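> Let's see this in three dimensions:
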Amino acid sequence: MKPLLIALLVLSSACNNTGETKVNTDSITITKNDSVHNEKDTISASTPKESVTNDSVTNDSNIVVKFPKDSTWTTVVGKMKGVNHPVSVYIDVKQGKHLTAAISAEDSTANVRINQMITPDGKADGPFGKDFTFTIHQQGTYKLLIGENLMQGDEWKGNFKLTIRVK
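Numbers count the residues shown, from 1 in each chain. Predicted coordinates for the structure are as follows:
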């Protein structure tokens, strides 16, 4: 009886072990016309009319977007490293009715799209194409997963621009 009780206690504690979740802290915070620094990279964001050419985003797979004061849009630069290396874009939405995002790349045949959008309450929608407009139903952090269309084209690696607007 004692061995059975001990075995149940061990199994019970093993099932309740939540473990630790590591969070990737190699993320970038971007505001329009501001430079951002972290240990690995330096990038600049600018208005869509200006060119965003800094290639230093190459090591990051997370981008945290912060809208400048009194602005409803910004453009960020990301880099695709190929299949199974999506870029996560976090957008803190405090107001507005529509979230619009559009991807562009220098390579017109770039196999890059908005694969999924995750709302603040954890619901997911997608896949989308190179651009989309989503009706905002709640405030909070929206997550966009940028990646390749695995059903179309070959593996693609390269830089892209993502213009985000909340209006």
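> pretty sure residue 111 belongs to a helix, no?
No: Residue 111: not assigned to a helix; according to DSSP: H, G, I helix; E, B strand; the rest coil it is coil.
> so who does it touch?
Applying Cβ atoms under 8 Å, 6 or more residues apart in numbering, we find residue 111 in contact with 148, 149, 152, 153, 154, 155, 156. Where C-beta positions appear, they are placed from N, C-alpha and C, glycine not excepted.
> Run a quick neighbour tally on the fifth one.
What that stands for is residue 154. 8 (other Cβ atoms under 10 Å).
> what stretches of this protein score poorly on pLDDT?
The chain contains residues with pLDDT under 70 at 1-60.
> now the strands: where do they sit in it?
With DSSP state E, the ranges of strands along the chain come out as 27-30, 35-37, 42-44, 62-65, 73-80, 87-93, 98-104, 113-118, 124-125, 131-135, 140-147, 158-166.
> From residue 81, how far off is residue 120?
27 Å (Cβ to Cβ, to the nearest Å).
> right, I mislabeled it, should have said residue 129
21 Å.
> Quick check on the contacts of residue 111: which are buried?
148, 156 (16 or more other Cβ atoms under 10 Å).
> what would the contacts of residue 111 look like in CSV with distance to residue 98?
Listed next are those as CSV, based on distance: Cβ to Cβ, whole Å:
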residue, distance to residue 98
148, 26
149, 24
152, 27
153, 29
154, 33
155, 33
156, 28
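> if we can go back for a sec, may I see the strands of the chain organised as JSON lines, with mean neighbour count added?
Putting these into JSON lines (neighbours: other Cβ atoms under 10 Å) gives the following:
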{"stretch": "strand 27-30", "mean neighbour count": "19"}
{"stretch": "strand 35-37", "mean neighbour count": "13"}
{"stretch": "strand 42-44", "mean neighbour count": "17"}
{"stretch": "strand 62-65", "mean neighbour count": "20"}
{"stretch": "strand 73-80", "mean neighbour count": "22"}
{"stretch": "strand 87-93", "mean neighbour count": "19"}
{"stretch": "strand 98-104", "mean neighbour count": "18"}
{"stretch": "strand 113-118", "mean neighbour count": "20"}
{"stretch": "strand 124-125", "mean neighbour count": "12"}
{"stretch": "strand 131-135", "mean neighbour count": "14"}
{"stretch": "strand 140-147", "mean neighbour count": "19"}
{"stretch": "strand 158-166", "mean neighbour count": "20"}
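> circling back to that earlier point, the more surrounded of residue 129 and residue 81?
Set side by side, residue 129 and residue 81 show more neighbours around residue 81, with 15 against 11, by other Cβ under 10 Å.
> Please state the backbone phi and psi of the nearest residue in space to that one that is not next to it in sequence?
Closest residue in space to residue 81, ignoring its immediate chain neighbours: residue 157 at 5.9 Å, by Cβ to Cβ, 6 or more residues apart in numbering. Residue 157 adopts backbone torsions of phi -130, psi 140, taken as degrees, to the nearest 10.
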